[in-house]
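K.L.:
Model the structure of this input:
(chains A and B)
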Amino acid sequence: MKANNYLVYLIALPLFSAALLLLLGRIADKWGHLLATLVSASTFAIGAYEFFAMRSRSGVDRAITQHVIQWISVGTLKVDGALLLDQLSICFVLLITGVGTLIHIYSISYMEHDENRRRFFAYLNLFIAAMLLLVLADSYLSLYVGWEGVGLASYLLIGFWNQRPAYATAAKKAFVANRVGDVGLSLAIIIAFTQFGTVSFAGVKAGAPHASSAALTAIGAMLLLAAAGKSAQFPLQSWLGDAMAGPTPVSALIHAATMVTAGVYLITRSNFIFDASSTARLLVVIVGAITLLFGAIIGTAKDDIKKALAASTMSQIGYMILATGLGPIGYAFAILHLLTHGFFKAGMFLGAGSVMHGMDDEVNMRRYGGLAKFMPITAITFGFGYLAILGIPPFAGFYSKDKIIETAFNAGGNKGWILGGAALLGAAITAFYMTRVVVLTFIGAKRWDSMAHPHESPLLMWLPMAILAIGSVTSGFLLSSGSALVHWLQPIVNAGNVEGGKELMKPLTVSLLALGVVVIGAGAAIIKYRTVASEAPSNISIFTKAARKDLYQDSFNEAVLMRPGQGLTDTLVKTDHNLIDGAVRGVGWTLNTISSAARSIQNGYVRSYALIMVLGTLALVATVWLVTL
Amino acid sequence: MKNILTVLELLPLFGVIALWLTPKENTKLIKQTAVAASLLTLVESFIAVWNFDIKFKGFQLVESYNWISAFHIKYAVGVDAISLTLILLTTILVPIVFIAGWHESEDGRFSPKTFYVLMLVLETMMIGVFAATDVFLFYVIFEAMLIPVYFLIAGYGRGERAAAALKFLLYSLFGGLLMLAAVIGIYIISTNQGVGTFDVNELSKLTIDQSTQNWLFLGFFIAFAIKAPLWPFHTWLPGAAKSATAGTSTLLLGILDKVGTYGMIRFCLTLFPGATKTFAPWIITLAVISILYGAILAIGQKDINSMIAFTSISHFGFITLGIFALTSQGISGATFYMINHGFSTAALFLTAGWIVKRRGSSQIADLGGLQRVVPVLAWSFFIAGLSALALPGLSSFVSEFLVLIGSFSQYPVATIFATTGIVLAALYVLLVVQRALHGEVKSGNESMVDLNLREKLAIAPVIALLVFLGFYPKPVLHPLNVATSTVMSQIGVTDPIAKADK
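P.N.:
Take a look at the predicted model:
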């Protein structure tokens, strides 16, 4: 492996920029957003340079490392602050800095009238730095720093308008749900250390073949818990919808394209753990399959455009998680879908932001309608994203999602039928809810009142949308032509060595099936939403009600975790005062009573002190007696 | 330079003499004198660090003079990395406390002059207690420290300060007396074995039978568990923290309580290795209860200061867990945790103190929307909170993770319970952050003023240290490792080896 000196700048530049913008305060208001955007663009430039440099090297020399500092060293635990750029992390570096820079540009205009725009850009830079650390770390413990750093940035950005209590609550909820996942990450690291004596990726990889399957399953399950927290997977998914409280560019960057996919990265990075434990893989596919359906169903009932897209993100990441549980080739397809999703979902979120921008921050799709006429660029770019997520050839999703469905069927046996069926059903529901979004927003009759003046967004906003739209069209084809990405990732995920079992279905069959269900889903939505009421109907089926309520995950958490937790807290606060402290005060009172009987003249302080002296002397005598015995 | 440690102990007392000569009315001069004395002490502590050999195992900068020859009691001082870092924590925090709480001394029952006299006397004692290598000397300072703290709480605090101070005193006295019994017990044993000493190094070489060890161990341990404090010996702490001034609370929880966890390592572990191993599972249980109990109680507090006190009970649980795991990561993590908790609690108490002072109420419900009114103060409190929840990138993460990784191999179930504490920590910090800093600006908060330059100068070094040691803990962690390995070889324990052989 080659040592290299540029990697650290990827993290240091945005980190210092963020610190600078926060510390300078109002002085930097005029140019803060420009500096942040410039820094983000320069990280992309470094990323691109590293990518081409990597491509020009041959196989084994592609990964490079950089030792930055000696971080922690206690006993046998040695963790260096070192960075690792390999074929997997470069994919993320390009995604993060590329989409990140586009979103910086978009935000210059989107946040123009916010008095705290500088602070917003500082948080964005902080996010870029933390996310790059997450994907460049060479050990689980360094990864943890980035992992929590992106959580912090996410917390700050969800709560950017935290003067609204609901938004502040949403930020807190996201952080706490992530912390539940962090328990998993912590335990995974700790178990790995007790097993392998190291927490570096290379060390754990080398040790994995010698570990017991119980240990590997435990590590895998804990990593999955971590991934579920960060990537909004069942049962820790409930924070993502609320996270839409953040400004829309944040939803695009953090809560669609990059941070929420960190769980997929973690599992892919830990492929040596999951390859060695079929139980862990089974857990992964269960979580993935449940979430992809869960998210899709929720998506069908949301009237808030951002929440509909958030449900969709949850569902799409469910596909990726499902893929990572399907063995070596699955990792490559998960990353493929992650990258194409990064383009089309970020693009659609920016489209949603553009619509909100033109509609006075209205998010209720029932108050939209017929907007294509007023914001054509937004409608077209959003449309590209729509076709991509549906998986219509040749748009990006066709190449990535169909591969996952196909691999799911190929898992074989009942498992194959169940997983493949779930993935196919998910595709149908996706077509339904995404068509619903498009129909409600851009087509049909206008349902907004005369106060709204929908208009197209300025250049700085539509340009990033257009670039992402191009990605939605081309990225799938480019990444999978000649299995480019699969070959690129080969050294990491080892996909080639294990040709995935027997083919249950031919790729063409899967594609036709997928296309068929998509047409059915989309058609159903078109028929159902030809006409829409501007108020949400109240006479709805029990299923719609459940979907609107996020399938009762919040109610469940509230009933099973929050309420009992509050009850426990209240009880303990009372007993701490009455019981434990009371017992101690009781002893004090007894002492007082005895001593006041003995010497009623002196004041309480001296009295108690004297009595304790007596007791102490007794203890002393007893000890001396015991010692000399 | 000879007598570095003695000079270090005496410098705050020179400040006391200087204060004595200063006219009572000139409060400004009094404050300047006190700050000057504390800064001189800080410089001397750097000299101590300069003369400290990191690789050396055992006590350094030692001095020893006969004190009460009849009982072989000596004035004996010396430091290893554990005590030196705690002394450094003391000498750094005292001037910061002075500068941060510039007006703290003014509305007490006694004069400002008395406040600074008490504080400087306390500083001498805090340095002394960590430097003492004679068990009797340690005991005397351990007990004598109660006096200045008692008057600092009772004289300058808020609310039911007299009751809180008394409760603190009674608890500590009770523990102290148990310890005295144990101190005398071990002296008698040493006499019986023909050496007759209070020297901690000599005492650690004694052979004591198991049942005697157990009793003596408990005598020390209960005193330290009250001081630290560990559940269920904790009930004096929230009252004291609620009533004391921010500066007193900082020193009390940030440094003084560390005497408890420090004592566990210095005396419980090294003098009674057999008893340590016997009691370790029980103490681990108490530690985990403390972690979870303190955290849950912190979530339920309505008063910001008692909330911080309960977070400390949780953190002391982590420290105790690390110590009694008896692994190098556990003990190094715990000793590093002591330093980080000192800075992190200081940041919490000082920023909360500013908030309370400006608002005139310590009820969390009275706050709200502070981020819009006093952004710098709000950010400082927020970062202190992130340090309390051990955010990776801040120093407290390194120590907390070391404790967990060090205890898992010995006590996996207890460690899993302890790990859930990180979720509770997120809750107690973010709940108070949300209630105090976010939301609409509550009435009564609109006219709060943000930090002035003096206050910024006080909090900046604390935050800088939390960040710096988070990314580069080596300057502190590396010396602590040397001390930890000495402690471990004294007890006769070694680290477990990784299960999967490569």
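K.L.:
residue contacts, residue 394?
P.N.:
Using chain A. A:473, A:476-477 (CB atoms under 8 Å, 6 or more residues apart in numbering or on different chains). C-beta coordinates here come from the backbone N, C-alpha and C atoms, glycine included.
K.L.:
Correction: the question concerned chain B.
P.N.:
B:344, B:386-387, B:466-467, B:470.
K.L.:
what about 6 Å?
P.N.:
B:387, B:466, B:470 (CB atoms under 6 Å, 6 or more residues apart in numbering or on different chains).
K.L.:
how about the helices of the stretch 401-502 of chain B, start to end?
P.N.:
Applying DSSP state H, counting those that start in this stretch to the stretch 401-502 of chain B gives helices spanning B:412-437, B:453-471, B:474-491.
K.L.:
In CSV: the ones you listed, plus mean neighbour count.
P.N.:
Listed next are these as CSV, based on neighbours: other CB atoms under 10 Å in any protein chain shown:
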stretch, mean neighbour count
helix B:412-437, 22
helix B:453-471, 17
helix B:474-491, 20
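K.L.:
out of the contacts of residue A:394, who's nearest residue A:397?
P.N.:
residue A:476 (6.6 Å; CB to CB).
K.L.:
ok, the closest one - how many residues close by?
P.N.:
Neighbour count of residue A:476, defined by other CB atoms under 10 Å in any protein chain shown: 29.
K.L.:
element containing it?
P.N.:
helix A:459-480 (DSSP states H and E).
K.L.:
Please export the C-alpha coordinates of that helix as CSV.
P.N.:
The C-alpha trace of helix A:459-480 is given here as CSV (Å, rounded to 0.1, in the frame of the first residue of the first chain):
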residue,chain,number,x,y,z
LEU,A,459,-30.1,29.2,-11.6
LEU,A,460,-28.1,28.3,-8.5
MET,A,461,-30.9,26.0,-7.5
TRP,A,462,-31.8,24.4,-10.8
LEU,A,463,-28.3,23.8,-11.9
PRO,A,464,-27.5,21.3,-9.2
MET,A,465,-30.9,19.7,-9.9
ALA,A,466,-30.1,19.4,-13.6
ILE,A,467,-26.7,17.8,-12.9
LEU,A,468,-28.2,15.3,-10.5
ALA,A,469,-30.9,14.6,-13.1
ILE,A,470,-28.2,13.7,-15.6
GLY,A,471,-26.8,11.4,-13.0
SER,A,472,-30.2,9.8,-12.6
VAL,A,473,-30.2,9.0,-16.3
THR,A,474,-26.6,7.9,-16.9
SER,A,475,-25.1,6.7,-13.6
GLY,A,476,-26.7,3.2,-13.7
PHE,A,477,-25.6,2.5,-17.2
LEU,A,478,-22.1,3.9,-16.6
LEU,A,479,-21.5,2.0,-13.4
SER,A,480,-22.8,-1.3,-14.6
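K.L.:
Enumerate the positions of it that are buried.
P.N.:
For helix A:459-480, a neighbour-count test (16 or more other CB atoms under 10 Å in any protein chain shown) marks A:461-469, A:471-473, A:475-477, A:479-480 as buried.
K.L.:
And for stretch B:69-84?
P.N.:
Applying 16+ other CB under 10 Å to stretch B:69-84 flags B:72-84 as buried.
K.L.:
for stretch B:107-120, same thing?
P.N.:
Residues of stretch B:107-120 classed as buried: B:108, B:111-120 (neighbour count, 16+ other CB under 10 Å).
K.L.:
of those, closest to chain A?
P.N.:
Nearest to chain A out of the buried residues of stretch B:107-120 is residue B:118 (CB to the nearest CB; 18.2 Å).
K.L.:
if we can go back for a sec, so which of the helices of the stretch 401-502 of chain B is nearest residue B:176?
P.N.:
The nearest among the helices of the stretch 401-502 of chain B, by CB to CB, is helix B:474-491 at 24.0 Å.
K.L.:
re earlier: can I get the buried residues of stretch B:107-120 in CSV including distance to chain A, secondary structure and pLDDT?
P.N.:
Formatted as CSV, the buried residues of stretch B:107-120 follow (distance: CB to the nearest CB, whole Å; DSSP: H, G, I helix; E, B strand; the rest coil; pLDDT from 0 to 100):
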residue, distance to chain A, secondary structure, pLDDT
B:108, 19, coil, 83
B:111, 22, coil, 89
B:112, 25, helix, 90
B:113, 25, helix, 91
B:114, 19, helix, 92
B:115, 21, helix, 93
B:116, 25, helix, 94
B:117, 22, helix, 94
B:118, 18, helix, 94
B:119, 23, helix, 95
B:120, 25, helix, 95
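K.L.:
Looking at those, which is nearest residue B:149?
P.N.:
residue B:118 (8.3 Å).
K.L.:
how much space between that closest one and residue B:108?
P.N.:
10 Å (CB to CB, to the nearest Å).
K.L.:
and stretch A:59-73, average pLDDT?
P.N.:
Mean pLDDT, stretch A:59-73: 86.
K.L.:
burial measure for the closest residue to chain A within the stretch 251-400 of chain B, as a count.
P.N.:
Using CB to the nearest CB, the closest approach of the stretch 251-400 of chain B to chain A is made by residue B:328 at 3.4 Å. The number of residues packed near residue B:328 is 23, by other CB under 10 Å.
K.L.:
Contact partners for it?
P.N.:
Contacts of residue B:328 (CB under 6 Å, 6+ apart): A:74-75, B:484, B:495.
K.L.:
Greatest separation within those: which pair is it?
P.N.:
Maximum distance among the contacts of residue B:328 (CB to CB): 10.4 Å, for B:484 and B:495.
K.L.:
What are the boundaries of the strands in the chain?
P.N.:
All of this refers to chain A. Applying DSSP state E to chain A gives strands spanning A:2-3, A:64-74, A:77-85.
K.L.:
To clarify, I was referring to chain B.
P.N.:
Going by DSSP E, chain B shows strands at B:60-68, B:73-79.
K.L.:
Which residues does the shortest one contact?
P.N.:
The reference is to strand B:73-79. B:5, B:59, B:61-67, B:131, B:133-134, B:136, B:198.
K.L.:
CA atoms of that strand as PDB?
P.N.:
The C-alpha trace of strand B:73-79 is given here as PDB (Å, rounded to 0.1, in the frame of the first residue of the first chain):
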ATOM      1  CA  ILE B  73       4.500   9.100  60.800                       C
ATOM      2  CA  LYS B  74       6.200  11.100  58.100                       C
ATOM      3  CA  TYR B  75       5.600  14.100  56.000                       C
ATOM      4  CA  ALA B  76       6.300  12.100  52.800                       C
ATOM      5  CA  VAL B  77       5.300  13.200  49.300                       C
ATOM      6  CA  GLY B  78       5.900  12.000  45.800                       C
ATOM      7  CA  VAL B  79       4.000  11.600  42.600                       C
END
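K.L.:
Specify the angle between it and strand B:60-68 in degrees.
P.N.:
170 degrees (axes from the mean of the first three to the mean of the last three CA atoms, to 10 degrees).
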